[in-house]
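**Student:** Fold the following.
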Amino acid sequence: MKEVNAQELKQMIDSKEDFQLIDVREPWEVEETSIGGLNIPLATVLTRADEISKDKKTVIHCKGGVRSATAIQALEQKLGYTNLYNLKGGIMAYLSEVK
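**Tutor:** Numbering: from 1, shown residues only. Predicted structure coming up:
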């Protein structure tokens, strides 16, 4: 599974790279803290896959990296995605290393 770390994601954001950011946490978690991106909770990833780009780099994140890895595996295996990257350590790593 391809990954980006917190610093790489920060650089992508700062350089205004053309990518999609997907947050697979639950809506109440997003309300508590967010780094932006589209909220598609893990349980709805396959049914909402039409909202996830196949044409550009897409970074998927959750709290610690486990749910996002599960989402990526499902999208790759069931729907043939090849452009997905897991945020290593999730939003917790991003907040502690970048913010």
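**Student:** by contact count, what packs against the helix or strand harbouring Ile91?
**Tutor:** Using DSSP states H and E, the element containing Ile91 is helix 90-97. On a contact count with 3 or more Cβ pairs under 8 Å, 6 or more residues apart in numbering; DSSP states H and E, helix 90-97 meets helix 6-14, strand 58-61. In short, each C-beta sits where N, CA and C put it, glycine included.
**Student:** so what does the helix or strand containing Ile72 touch, helix or strand wise?
**Tutor:** Taking DSSP H and E as the definition, Ile72 sits inside helix 66-79. Helix 66-79 sits against strand 58-61, strand 84-87, with contacts defined as 3+ Cβ pairs under 8 Å, 6+ apart.
**Student:** circling back to that earlier point, give me the residues contacting the helix holding Ile91.
**Tutor:** Residues from elsewhere that reach helix 90-97 (Cβ atoms under 8 Å, 6 or more residues apart in numbering): 5-7, 9-10, 23, 25, 33-35, 61-66, 68, 87, 89.
**Student:** follow-up on the earlier one: out of the helices and strands packed on helix 66-79, indicate the one that is most buried.
**Tutor:** With neighbours defined as mean count of other Cβ atoms under 10 Å, these peak in mean count at strand 58-61, which reaches a mean of 25.
**Student:** Neighbouring strands - and their directions - for it?
**Tutor:** Within its sheet, strand 58-61 is paired with strand 20-23 (parallel), strand 84-87 (parallel), according to DSSP bridges.
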